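1. Task: produce atomic coordinates for the following.
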Amino acid sequence: MPTTEKLKKVALQVRRDIVRMVHAVNSGHPGGSLGCTDYLVALYFEVMNHNPEFNMDAIGEDVFFLSNGHISPVFYSVLARSGYFPVKELSTFRKLNSRLQGHPTTHEGLPGIRMASGSLGQGLSVALGAAQTKKLNGDKSLVFCLHGDGELQEGQIWEAAMYAAHNKVDNLIATIDVNGQQIDGSTDQVLSLGSLRAKWEAFGWEVIDMDGNKMDEVLKTLNYAKTQTGKGKPVVILMKTEMGFGVDFMMGSHKWHGVAPNDEQLAQALAQLEEPIGYNYCGDY
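-> Numbering: from 1, shown residues only. Here you go, the predicted structure:
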């Protein structure tokens, strides 16, 4: 089976995990999680050099930071499916004393979590620190981070963007989930972001566009982005996605930013996300 087909199977399973996790506790953020599934699956199952035998120092490994921590369902599923912790632990999502809290935290000791996130705007600064540390240590590995487009309304993002270009942090690949939605409505209604390409280019970054809901394009673009590192500029990918991708009644609306499906809606969602039985990494927990 070609690589992209394998990744599509894993992405299908991850999307099933997402809707089941948020349904079980009637809370969580399915919309952005579904939209970013292909990106995180490609990253962890193909693109990044990483070790599920988790070590916070990550010497000689690529690392990833999730800045928009509310999309923890997709992050937890991908970590579990790629071997960081048992898949059955996904059933504890958002429950008391679980390591899988609504927003990832390091004090829970969950393998794969490198920062507490959910307070938006901070992830780029953290990723920059890790990237500069790798440079100082002579470590040729890369640092990846993911952000929501609504998160770009936070001023700290642009301070970090300016710092990264000034200091030529060229071992960093940031990705922006451009789905045009945030908790209170569309980004155009809440606070228009204008031309993101023009902004990032003005701040001195190498800018790449990508359709984040086409696995073949995600894989191709991430691998291309890696070739653009080491050239004196940080790299940013503007990833166009559809919130709720894969579940028709969730797609394209901010209303599914942080709402869990009811029993009937879960059944409808799972009917659209056929379980890839018999394939490695797949099978409902």
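2. CA atoms for contacts and neighbours, from now on please.
-> Fine.
3. All the strands of the stretch 1-150 of the chain, residue numbers only.
-> With DSSP state E, counting those that start in this stretch as the criterion, the stretch 1-150 of the chain has strands at 63-66, 143-148.
4. Same list (the ones you listed) but as TSV, adding mean neighbour count, mean pLDDT and distance to Ile208.
-> Formatted as TSV, these follow (neighbours: other CA atoms under 10 Å; pLDDT from 0 to 100; distance: least, CA to CA, whole Å):
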stretch	mean neighbour count	mean pLDDT	distance to Ile208
strand 63-66	25	98	18
strand 143-148	24	98	14
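5. which residues in the stretch 1-150 of the chain form helices?
-> Secondary structure of the stretch 1-150 of the chain by DSSP state H, counting those that start in this stretch: the helices cover 3-25, 30-35, 37-42, 72-81, 123-136.
6. do the stretch 151-285 of the chain as well
-> Under DSSP H, counting those that start in this stretch, the stretch 151-285 of the chain gives helices at 155-166, 187-191, 196-202, 215-227, 263-272.
7. tell me, which of the ones you listed is the model least confident about?
-> Comparing mean pLDDT across these, the weakest is helix 187-191, with a mean of 91.
8. in that one, what counts as buried?
-> Thr187 (16 or more other CA atoms under 10 Å).
9. next one: stretch 20-28
-> 20-24, 27-28.
10. Ok, stretch 267-285 next?
-> 269-270, 273, 275-276, 281-283.
11. With stretch 111-126 instead?
-> Buried residues in stretch 111-126 (16+ other CA under 10 Å): 111-118, 120-126.
12. gap between Glu5 and Met215?
-> 9 Å (CA to CA, to the nearest Å).
13. Those two: which is more packed in?
-> Met215 (21 against 12; other CA atoms under 10 Å).
14. hang on, the more buried one packs against Ala42?
-> Yes - counting by CA atoms under 8 Å, Met215 touches Ala42, with 7.5 Å between them.
15. which residues do these two both contact?
-> Leu7 (CA atoms under 8 Å, 6 or more residues apart in numbering).
16. Quick check: the gap between Leu90 and Pro104.
-> Leu90 is 13 Å from Pro104, by CA to CA.
17. Between those two, which is the more surrounded one?
-> Pro104 (27 against 22).
18. May I ask you to confirm that the more buried one is in contact with Ser119?
-> No - using CA under 8 Å, Pro104 makes no contact with Ser119, being 10.5 Å away.
19. shared neighbours, those two?
-> In contact with both Pro104 and Ser119: Gly69, using CA under 8 Å, 6+ apart.
20. So, low pLDDT: which residues of this protein?
-> 1-2 (pLDDT under 70).
21. Now the terminal residues of stretch 29-46, how far apart.
-> 25 Å.
22. oh sorry, the question was meant for stretch 162-177
-> 20 Å.
23. what do you get for stretch 91-105?
-> 18 Å.
24. Could you do stretch 193-211 as well?
-> 19 Å.
25. Which parts of that stretch count as buried, going by neighbours?
-> So for stretch 193-211, counting by 16+ other CA under 10 Å, buried means 197, 200, 203-208, 210-211.
26. Can you lay out these as TSV showing distance to Ser82?
-> Putting those into TSV (distance: CA to CA, whole Å) gives the following:
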residue	distance to Ser82
Arg197	32
Trp200	32
Phe203	35
Gly204	34
Trp205	31
Glu206	30
Val207	29
Ile208	27
Met210	24
Asp211	23
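27. Inside strands: which ones of those?
-> Secondary structure from DSSP state E places 206-208, 210-211 of the buried residues of stretch 193-211 in strands.
28. which pair in these spans the largest distance?
-> For those, the farthest-apart pair by CA to CA is Glu206 and Asp211; their separation is 17.1 Å.
29. Can you get me a residue count around the nearest residue in space to Ser27 that is not next to it in sequence?
-> In space, Ser27 comes closest to Ala260 once its chain neighbours are excluded; the distance is 5.3 Å by CA to CA, 6 or more residues apart in numbering. If you count neighbours by other CA under 10 Å, Ala260 ends up with 23.
30. what do you get for Ser192?
-> 12.
31. same deal with Thr92?
-> Using other CA under 10 Å, Thr92 has 16 other residues around it.
32. just Asp57 next, same as before
-> 11.
33. which ones are touching it?
-> Contacts of Asp57 (CA under 8 Å, 6+ apart): none.
34. Got the phi and psi for it?
-> phi -70, psi -30 (degrees, to the nearest 10).
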